[in-house]
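Enquirer: A predicted structure for the sequence below; I have some questions about it.
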Amino acid sequence: MSEARSTLEPMERSAAKTAFANVLVNTLIANVTTSFLWFALTFWVYIETRSVLATGIIGGAYMLFVAFFAMVFGTIVDRHRKHRVMLLSSVISAAAFLVAGVLYLWQPEASLLDLGGPWFWLFSGVILFGGVIEQLRNIALSTTVTLLVPEEKRANANGLVGTVQGLAFLVTSVFSGLSIGFLGMGWTLGIAIAAMALTFAHLLFIRIPEPEPEVDPEAKSAVDVRGSVQAIRQAPGLFALIIFSTFNNLIGGVYMALMDPYGLTLFDAQMWGFALAFASTGFLIGGGLVAKFGLGRKPVRTMLLIVIAMGLLGAIFMLREWWPLYVLGMWVYMALVPPVEAAEQTVIQKVVPFARQGRVFGTAAAMEAAAAPITAFLIAPIAEFLVIPYMDSAQGQRQWGWLLGEGEARGIALICLFAGLIMVVAATLAFFTRSYRTLTELYATAPDPAPEEAPEPAADAVDEAGDGPHTFRDAPPIVPGIPPEPR
């Protein structure tokens, strides 16, 4: 540690700690808002149209938007202070939700639900765009962890970020179903607009101690592909990690497209919301465990082992159309998501220079997000027009009934069975690659990339946060499916 960092006043350390806590709280509010409207849109469309194809396209379009904008977002994050970036994200999301509200008041619901008409796609697209802008804040948050948290506690901090996202998912899954079931889409939009305005107001009172980013003379375009590639190439094995995560998201697109339709065959909208709420407490447990114990000395190894477990689970939690098996399986699956995401973030935060981390996170998000829509766009029509009718036939039941039992959604179960097994094979083979060994060694020996002129990281913030699964001792309570988010 340099003399400049070791002689900082306690006030500066306290400022870093307070900033980290407040950014997490603000992220909670924003994640709840965007996830709330995202889930509500999916529920509303499926309930009104009963179309697996429509929900699959919505999920795929969301990830496609993320893939399209993520590299632009990464360049923006590197060129500007993180607080400014988060303010920009809040303003654009609020404006997009407001436009969607105007469309809802202007057009009758029948027009907005007509899959063959332009208003459905415009209305859904505006909402999805407002949600996608949240990725700009998420990339800024990942680099803020590097800025405010010391190296040895970043895995724990990334666990806290996952816990915040899990808590948002829990709140969202309950209230999206209840809001659509009891209030309708109009009031749901109004709630989202008001909540995003609250996020912006809260951001005005947050201060992130950060030096003005230096201008990169080689990054002149809005999408600095060259700078991103150079940063990734300087860390041997990092590109392979991103490729693996991209493939993992390719398989995850199956679950993204089919999870809600499967759940809504077992529950009505309100009960499905409660089932998702229970399952999403797995995010809290998984993120809390990472916040408390970290990821070990080899986070890449930890990630691969967990992905194998996720694949096995994804293959078996639909083997019977029994709601306790499905809900419990989702709970465990979601508990495994935060460690996987935290592992990738922790590695990038260690092996990539701080000045280019935004672009690397943006590149990773673009590649990984681009994979899920491919699967979602393919699997939704394949499921609806081929696999589901086949499994409903006598031939399909004779061939697979011994394994999958009987029920309305056995076609979805068959698809998820093979998706999970593919995930297991891919993660197992990754252990035997040269890239895995190289990146593991690089992570162990790379110096801390945090900027020297940054304030002293808030080590005590993460230490204290480790006392509980999702709280800060000196901060307000801390406040997204598969998805995606979708990542």
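Expert: Ah, there it is. If you're wondering where the values come from, they're calculated on a predicted model, not measured in any experiment. Numbers count the residues shown, from 1 in each chain.
Enquirer: show me the contacts for Leu378.
Expert: If you count contacts by CB atoms under 8 Å, 6 or more residues apart in numbering, Leu378 has none. For the C-beta atoms, the positions are set from N, CA and C on the backbone; glycine is no exception.
Enquirer: figure out the helix or strand that it lives in.
Expert: Leu378 is part of helix 357-382 when elements are defined by DSSP states H and E.
Enquirer: show me which helix runs longest in this structure.
Expert: Looking across the chain with DSSP state H, the single longest helix is helix 10-49.
Enquirer: tell me the SS of Phe205?
Expert: Under DSSP: H, G, I helix; E, B strand; the rest coil, Phe205 falls in the coil class.
Enquirer: give me the nearest residue to it, chain neighbours excluded.
Expert: Using CB to CB, 6 or more residues apart in numbering and skipping the chain neighbours, the partner closest in space to Phe205 is Asn22 (7.8 Å).
Enquirer: show the pLDDT at the one you found.
Expert: Asn22 carries a pLDDT value of 87.
Enquirer: so it touches Ile206, yeah?
Expert: Yes. Assessed by CB atoms under 8 Å, Asn22 is found in contact with Ile206 at 4.6 Å.
Enquirer: okay, the two: which has more neighbours?
Expert: Higher neighbour count among Asn22 and Ile206: Asn22, with 19 against 16, using other CB atoms under 10 Å.
Enquirer: distance of that one from Ala94?
Expert: 19 Å (CB to CB, to the nearest Å).
Enquirer: and Leu305, by the same measure?
Expert: Separation of Leu305 from Ala94 (CB to CB) stands at 41 Å.
Enquirer: who's sitting farthest from the centroid in the protein?
Expert: Ala394 (39.5 Å; CA atoms, centre = their mean).
Enquirer: so, low pLDDT: which residues of the stretch 351-487 of the chain?
Expert: For the stretch 351-487 of the chain, applying pLDDT under 70 flags the ranges 372-373, 376-377, 448, 450-487.
Enquirer: now the residue farthest from the centre of the chain: how far from Gly401?
Expert: Distance from Ala394 to Gly401, by CB to CB: 10 Å.
Enquirer: pretty sure Gly288 sits against Thr163.
Expert: Yes. The pair Gly288 and Thr163 qualifies as a contact (CB under 8 Å) at a distance of 5.4 Å.
Enquirer: looking at those two, which is more packed in?
Expert: Shown here are Gly288 and Thr163; by other CB under 10 Å, Thr163 has more neighbours (29 against 23).
Enquirer: now that one: which helix or strand?
Expert: Using DSSP H and E, Thr163 sits in helix 154-178.
Enquirer: okay, the angle between that helix and helix 10-49?
Expert: 30 degrees (axes from the mean of the first three to the mean of the last three CA atoms, to 10 degrees).
Enquirer: what packs against helix 154-178?
Expert: helix 10-49, helix 134-148, helix 269-293, helix 323-351, helix 459-465 (3 or more CB pairs under 8 Å, 6 or more residues apart in numbering; DSSP states H and E).
Enquirer: of the ones you listed, which approaches Thr199 most closely?
Expert: Proximity to Thr199 (CB to CB) singles out helix 10-49 among the helices and strands packed on helix 154-178, at 4.7 Å.
Enquirer: measure the residue lying closest to Arg207 once chain neighbours are set aside to Pro213 for me?
Expert: Leaving out its chain neighbours, the residue that sits closest to Arg207 by CB to CB, 6+ apart is Ala19, at 6.2 Å. From Ala19 across to Pro213, the span is 16 Å (CB to CB).
Enquirer: looking at these two, which one has more neighbours?
Expert: Under the criterion of other CB under 10 Å, the comparison of Ala19 against Pro213 puts Ala19 first, with 23 against 16.
Enquirer: pretty sure that one is touching Val149, no?
Expert: No. Counting by CB under 8 Å, Ala19 stays clear of Val149, with 10.7 Å between them.
Enquirer: what stretches of the stretch 51-200 of the chain score poorly on pLDDT?
Expert: In the stretch 51-200 of the chain (pLDDT under 70), the answer is 52, 56, 60, 165-166, 169-170, 173-174.
Enquirer: now do the strands in it.
Expert: Counting by DSSP state E, counting those that start in this stretch, the stretch 51-200 of the chain forms no strands at all.
Enquirer: ranges for the helices of it?
Expert: 52-79, 82-106, 109-112, 118-132, 134-148, 154-178, 185-203 (DSSP state H, counting those that start in this stretch).
Enquirer: so what secondary structure elements neighbour the longest one?
Expert: Counting contacts by 3+ CB pairs under 8 Å, 6+ apart, the secondary-structure elements packed against helix 52-79 are helix 10-49, helix 82-106, helix 118-132, helix 134-148, helix 225-233, helix 238-266, helix 357-382.
Enquirer: could you check the angle helix 323-351 makes with the helix holding Thr163?
Expert: 140 degrees.
Enquirer: tell me what angle helix 154-178 forms with helix 238-266.
Expert: Using the same axes, to 10 degrees, helix 154-178 lies at 30 degrees relative to helix 238-266.
Enquirer: can you start the count at 715 instead of 1 from here on
Expert: In the new numbering, first residue 715, that becomes helix 868-892.
Enquirer: and helix 868-892, how far from the chain's centre?
Expert: 10 Å (CA atoms, centre = their mean, to the nearest Å).
Enquirer: likewise stretch 802-817?
Expert: That offset, for stretch 802-817, works out to 20 Å (CA atoms, centre = their mean).
Enquirer: pipe the helices and strands packed on helix 766-793 into CSV and attach distance to Pro1103 per row.
Expert: Listed next are the helices and strands packed on helix 766-793 as CSV, based on distance: least, CB to CB, whole Å:
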stretch, distance to Pro1103
helix 724-763, 18
helix 796-820, 35
helix 832-846, 25
helix 848-862, 36
helix 939-947, 43
helix 952-980, 15
helix 1071-1096, 11
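Enquirer: show me which residues of stretch 1025-1042 are buried.
Expert: Buried residues in stretch 1025-1042, counted by 16 or more other CB atoms under 10 Å: 1025, 1027-1035, 1040-1042.
Enquirer: let me fix that: stretch 807-821
Expert: Within stretch 807-821, judged by 16+ other CB under 10 Å, the buried ones are Ser807, Ala808, Ala809, Ala810, Phe811, Leu812, Val813, Ala814, Gly815, Leu817, Tyr818, Gln821.
Enquirer: of those, which is the nearest to Phe1146?
Expert: Nearest to Phe1146 among these, counting by CB to CB, is Ser807 at 43.1 Å.
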